[in-house]
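> give me a 3D structure for the following:
(one chain, ligands or ions: 1)
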Amino acid sequence: MNTDKLSNRLETVAKYVQNGAKIADIGSDHAYLPCFLAKKGTISLAIAGEVVEGPFKSAARNVQSEGLADIVSVRLGDGLEVIEPGEVDCITIAGMGGTLIATILDKGKEKLQKVMRLVLQPNISASSIRKWLLDHQWELIAEEILEEDGKIYEVLAAEKGDPYKPYGNTQLELELLVGPFLLKTKDETFKKKWRMEKENWKRIYSQLEGATSSEETELKKQELLEKIKMVEEALGDENSERS
Ligand code: SAM
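Have a look, this model is predicted:
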């Protein structure tokens, strides 16, 4: 990967950045995404935010050596603290856990007033982001799922709007877990991801069955059974053997 050629994962994130956008790429690492978008002429301005000194320096080096310092500003700081209110209209956050992404958005809520679009790529726990979006009046407008180098990734795009619009009336819990758009399409990558998750939950369930019973383990087992059932129904695997 470099500033001319992104991974499929980051290319999918790039696809949802609108022409002429002013972006903040939080957790930018090498600043590949903002440099790629600047070189393509997609964006008019970018802030590459990094909380760790090493990646911050590597981002600054890349921006300098590509001659992109007029467009891409590299800033050291935690989450959205690197941007001023109104400075950007699109935020990208990729390659972290969904819980961390939701925490970054939550801690920087006051910086989001002029932001029109969020493009988020959690490595795990996309449901934490869907829940945060739902609670904060952000409407999920698109989702993608892709496999690269043996890992499955989800990309979520959201805009301010009706947060309930993509969700139906009857299966909110399932849609928050697997994604309302991805559930409609149910492509092979989606099925592979959730069959793997299901097998993992079954393994954990068996381990808990061998553990000393307590209120906590019984609750956890119940939770796992519910999730297994929900995902089996979504996949059309209802008749497969449980636990
Ligand atoms: N976004 C790039 C990508 O998707 O390829 C880099 C992903 S890298 C795995 C995650 C980066 O996020 C790391 O460089 C890490 O230092 C940075 N990071 C983690 N927490 C952060 C935070 N609260 N604020 C800014 N950057 C953060």
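
> using CSV, list the CA coordinates for stretch 48-62.
The C-alpha coordinates for stretch 48-62 follow below in CSV (Å, rounded to 0.1, in the frame of the first residue of the first chain):
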residue,chain,number,x,y,z
ALA,A,48,-4.5,13.6,9.2
GLY,A,49,-4.9,13.1,12.9
GLU,A,50,-2.7,10.7,14.9
VAL,A,51,-2.3,10.2,18.6
VAL,A,52,1.0,8.2,18.5
GLU,A,53,4.2,10.0,17.8
GLY,A,54,5.7,7.3,15.4
PRO,A,55,2.8,7.2,13.0
PHE,A,56,2.4,11.0,13.3
LYS,A,57,6.0,11.4,12.1
SER,A,58,5.5,8.9,9.3
ALA,A,59,2.4,10.7,8.1
ALA,A,60,4.2,14.0,8.2
ARG,A,61,7.1,12.5,6.2
ASN,A,62,4.8,11.1,3.5
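
> list phi and psi for Ser213.
phi -70, psi 130 (degrees, to the nearest 10).

> contacts only, for it.
If you count contacts by CB atoms under 8 Å, 6 or more residues apart in numbering, Ser213 has none. Any C-beta I mention is one placed from the backbone N, CA and C, and that applies to glycine too.

> residue ranges with poor pLDDT in the chain?
Along the chain, the model assigns pLDDT under 70 to residues 238-243.

> make it 80
237-243 (pLDDT under 80).

> chain center to the helix or strand hosting Ala14: distance?
For Ala14, the host element (DSSP states H and E) is helix 8-15. Centroid separation between helix 8-15 and its chain, computed with CA atoms, centre = their mean, to the nearest Å, is 12 Å.

> I am finished for the moment; much appreciated.
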